[in-house]
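> Mind folding the following:
(2 chains)
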Amino acid sequence: MRLSRDEIAHVALLSRLKLTEEEMAQFTGQLNAILDHFAALTEADTGDIDATTHVVPMTNVMRADVQRPSFAPDDALANAPERAGDQFKVPRVVE
Amino acid sequence: MVDYEPVIGFEIHAELATASKVFCGCGTEPGAPPNTHTCPVCLGLPGALPVLNVAALEYALKVVLACHCDVPSPAIFERKNYYYPDLPKNYQISQKRAPFGVNGWFEFEVNGAMKRVRILDIHLEEDAGKLVHPQERGAAGVSLVDYNRAGVPLLEIVSGPDIHSVEEAEAYMIAMRRLLRYLGVSEARMELGQIRFEANISVRPVGSATLGTRVEIKNLNSYRTVIRGIEYEVARQTALHRNGERVAQETRLFDDARGITLAMRDKEEAHDYRYFPDPDLVPMRFTPEYLERLRAGLPELPAARRARFISAYGLPAYDAALLTDEKAIADFVDAAVALSAPPKSVSNWTMGELLRLLNERGLSPDALPITPAHLAALITLVESGAINQNQAKQVFAEMFETGKEPALIVKEQGFAQISDAGALEAIVNEVVAANPDPAARYAAGEDKPLGFLVGQVMKRSGGKANAPVVNAMLREKLRGG
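Alright, predicted model coming up:
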């Protein structure tokens, strides 16, 4: 599987990343190298193995419906680039 | 001219009424100050690990089972990836290829006939945060985010495109909201956004089996806006077809003020969500025994309850529908009847007084100011002749206000009805003496003056006389029995 430059541009847009043509070329090469590396897995015989969505042999991990203490607003907002009162302030994105 | 019919499917989102969020222990109460219900998990801080809330799971499965869905095993959670500030993680935990319920159906009544729609998919996900876009000067280009709602459990119920009129659409929304409230899994209060509707709409020539290009409408926050949005959209698409124009597949927003739908500005790429299984959450498997136990624990559902109110209580279909609309009211009726009150009386009081007063005060049926025992006691007071119907209405209003026992109100207000013949005799004698002409005509066999005479006795007794007793006494006195 090879990623094209257009696919990289599409993924960059979805991730809201602005890439230069040089970066686009650079990441296309890097991501394809990663995909090539993982392509080795396709050589393994998986005919007897059920498809799985999870690598850990665990199911049904749950917690009781109990409230636990939340952050104080100052802690919640500690990493906010900007705040207005106790709210996160972000650039407006028109949906 | 070719007639077109609408083809409508619904996506209903309902917030589940759990105490804590779906993957963390933060509270879910609406209306808390901004960002007071957040933690590393729902803010998506690095290293935080979501763990599924067992109550959210059970609530979701109750709806799944009530809608006759199959439950995939294993069911899994996936990440729905998109970049928008309402999601701090840049993905929403949701379900896609193996949700909790698939291939079900839901039946409801429309104009006296049963209508069945397919339920394609019921999945559990997390709600997003709330964005406000301040309008004041100097705030252009700024949005404010409150993440209290991020991570509140949200159930999405996706119907098949099986609805073909606004009547069916409205009946479906009302019946599904009622189901959620009966199951006790969501308060589904529309004004709080606890239930939200999106409609997918296309039109096709009547009789055609193909599906037209569908348009999704958002921003529908009441039954009325859904209906108006559908009506506008059906007319718009029908006109396009008649003019030989194409309907674009798009998402449109309903503009409530103008009553029209408008295409949303969004790029096609925005719908490439790149779902993949969430490695933080393990698969879920359910034994048939577990699912059977949940199924057996489902409460009596609205349609069954309405049928029982007709068959067991002998109530007219209209009354039964009204009394079973809200589970709390139906519970109230059942409990009052269980206290030996006659169903017809319970029904009359509940519809005539209780629902009227709740409606007048804008009160929720979830917090009734009186108990079934109050009503049963009041009905006993009327039936025993201790008070008359008019007094009983005043007692009802008083107990609705104060929650006092009816017997206490009767005592405090001096409402007790005079049924004792000895106490009434003097009044009856006075009335007969003061009204010789009507008394004579009644004695001579004319029935009409009786009402007048009884009325005079009621007046002199301050409304406390027991009318049937007075009737009998006048008959005895003037006609000799």
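> State the pLDDT value of B:Ala397.
B:Ala397 is assigned 94 on the pLDDT scale.
> can you give me the helices for chain A?
Ranges of helices in chain A, per DSSP state H, are A:5-14, A:21-39, A:73-76.
> Looking at the ones you listed, which is nearest to chain B?
Ranking these by distance to chain B, with C-beta to the nearest C-beta as the measure, places helix A:73-76 first at 4.4 Å. From N, CA and C alone the C-beta is placed, and that goes for glycine too.
> buried ones in the closest one?
Within helix A:73-76, the residues that qualify as buried by neighbour count (16 or more other C-beta atoms under 10 Å in any protein chain shown) are A:73, A:76.
> which residues sit against it?
Applying C-beta atoms under 8 Å, 6 or more residues apart in numbering or on different chains, the set of residues contacting helix A:73-76 from outside is A:70, A:86, B:33-36, B:38, B:43, B:147.
> Those residues of chain A touching chain B, which are they?
Contact residues (C-beta under 8 Å from any C-beta of the partner chain) of chain A with chain B: A:10, A:13-16, A:53-56, A:58-73, A:76-77, A:79, A:84-95.
> ok, 6 Å please
Listed as neighbours of chain B in chain A under the rule C-beta under 6 Å from any C-beta of the partner chain: A:13, A:16, A:53-54, A:58-63, A:65, A:67-68, A:70-71, A:73, A:76, A:84, A:86-90, A:92.
> And the pLDDT at the residue nearest the centre of chain A?
Nearest to the mean C-alpha position of chain A, counting by C-alpha atoms, centre = their mean, stands A:Ser15 at 8.7 Å. Confidence at A:Ser15, expressed as pLDDT, is 85.
> Show me what residue of chain A gets nearest to chain B.
When distances are taken as C-beta to the nearest C-beta, chain A reaches nearest to chain B at A:Arg68, 2.9 Å away.
> How is the nearest residue to that residue once chain neighbours are set aside assigned, secondary-structure-wise?
Spatially, and ignoring its direct neighbours in sequence, A:Arg68 is nearest to B:Gly25 (2.9 Å; C-beta to C-beta, 6 or more residues apart in numbering or on different chains). On the three-state scheme (DSSP: H, G, I helix; E, B strand; the rest coil), B:Gly25 is labelled coil.
> Distance check, B:Gly25 against B:Ile157.
When C-beta to C-beta, to the nearest Å is the yardstick, B:Gly25 and B:Ile157 sit 26 Å from each other.
> higher neighbour count, these two?
A count of neighbours by other C-beta atoms under 10 Å in any protein chain shown puts B:Ile157 above the other of B:Gly25 and B:Ile157, at 24 against 21.
> Might one say that the more buried one is in contact with B:Ile122?
Yes - applying C-beta atoms under 6 Å, one finds B:Ile157 in contact with B:Ile122, separated by 5.2 Å.
> What residues does the closest residue to chain A within the stretch 151-300 of chain B make contact with?
With C-beta to the nearest C-beta as the measure, the residue in the stretch 151-300 of chain B that lies nearest chain A is B:Pro277; the distance is 3.8 Å. Listed by C-beta atoms under 6 Å, 6 or more residues apart in numbering or on different chains, the contact set of B:Pro277 reads A:53, B:76, B:78.
> of those residues, closest to B:Ala303?
Using C-beta to C-beta, the shortest approach to B:Ala303 within the contacts of B:Pro277 belongs to B:Ile76, at 32.6 Å.
> give me phi/psi at B:Leu49?
Per-residue torsions, B:Leu49: phi -120, psi 120 (degrees, to the nearest 10).
> end to end, how far does stretch B:186-199 reach?
20 Å (C-alpha to C-alpha, to the nearest Å).
> roughly how far is that stretch from the heart of the chain?
In terms of C-alpha atoms, centre = their mean, to the nearest Å, the centre of stretch B:186-199 is found 11 Å from the chain centre.
> got it, and stretch B:439-446?
Taking mean C-alpha positions (C-alpha atoms, centre = their mean), stretch B:439-446 and its chain are 56 Å apart.
> in that stretch, what's buried?
Buried residues in stretch B:439-446, counted by 16+ other C-beta under 10 Å: B:439, B:441-443.
> do the same with stretch B:463-471
Neighbour-count burial for stretch B:463-471 flags B:464-467, B:469-470 (criterion: 16+ other C-beta under 10 Å).
> so who does B:Ala320 touch?
The neighbourhood of B:Ala320, defined by C-beta under 6 Å, 6+ apart, consists of B:306, B:309-310.
> So what does the residue of chain A positioned farthest from its centre look like in phi/psi?
With distances taken as C-alpha atoms, centre = their mean, the residue sitting farthest from the centre of chain A turns out to be A:Asp48, at 30.6 Å. Backbone geometry at A:Asp48, expressed as degrees, to the nearest 10, gives phi -100, psi 0.
> Quick check, pLDDT for the closest residue to B:Asp3 other than its chain neighbours.
The shortest distance from B:Asp3 to any residue that is not its chain neighbour, by C-beta to C-beta, 6+ apart, is 4.6 Å, and that residue is B:Val206. In this prediction, B:Val206 carries a pLDDT score of 91.
> thinking B:Val206 is in contact with B:Glu5, fair?
Yes - in terms of C-beta under 6 Å, B:Val206 counts as a neighbour of B:Glu5; the distance is 4.9 Å.
> For those two, indicate the residue with more neighbours.
B:Glu5 (16 against 10).
> got the contact list for the strand or helix carrying that one?
Element membership of B:Glu5, judged by DSSP states H and E, is strand B:4-15. Residues from elsewhere that reach strand B:4-15 (C-beta under 6 Å, 6+ apart): B:152, B:154-161, B:163-164, B:169, B:176, B:180, B:186, B:188, B:194-204, B:206, B:234, B:238.
> which among the residues you listed end up buried?
Using 16+ other C-beta under 10 Å, the buried members of the contacts of strand B:4-15 are B:152, B:154-161, B:163, B:169, B:176, B:180, B:186, B:188, B:194-204, B:234, B:238.
> hmm, back to that, just give the closest residue to the residue nearest to the centre of chain A, not the sequence neighbours.
The shortest distance from A:Ser15 to any non-neighbouring residue, by C-beta to C-beta, 6+ apart, is to B:Tyr83 (6.7 Å).
> count of residues packed around that neighbour?
When counting by other C-beta under 10 Å, one arrives at 14 neighbours for B:Tyr83.
> surely it meets B:Lys89?
No - with contact defined as C-beta under 6 Å, B:Tyr83 does not reach B:Lys89; the gap is 10.4 Å.
> picking up where we left off before, looking at the buried residues of stretch B:463-471, spot the one nearest B:Ser347.
Looking across the buried residues of stretch B:463-471 and measuring by C-beta to C-beta, the closest to B:Ser347 is B:Ala467, at 23.0 Å.
> Where does the prediction get shaky in chain A?
A:1, A:94-95 (pLDDT under 70).
> can you check the stretch 251-400 of chain B too?
B:265-271.
> before we move on, the earlier item: most neighbours out of the contacts of B:Ala320, which is it?
Result: B:Phe309 is most packed of those (other C-beta under 10 Å), 25 neighbours.
> Please name the nearest non-neighbouring residue to that residue.
Using C-beta to C-beta, 6+ apart and skipping residues adjacent in sequence, the residue nearest B:Phe309 is B:Ala320, 3.8 Å away.
> and the gap between the one you found and chain A?
34 Å (C-beta to the nearest C-beta, to the nearest Å).
> Next, count neighbours for B:Ala257.
Around B:Ala257 there are 5 other residues, counting by other C-beta under 10 Å.
> Cheers, nothing more for now.
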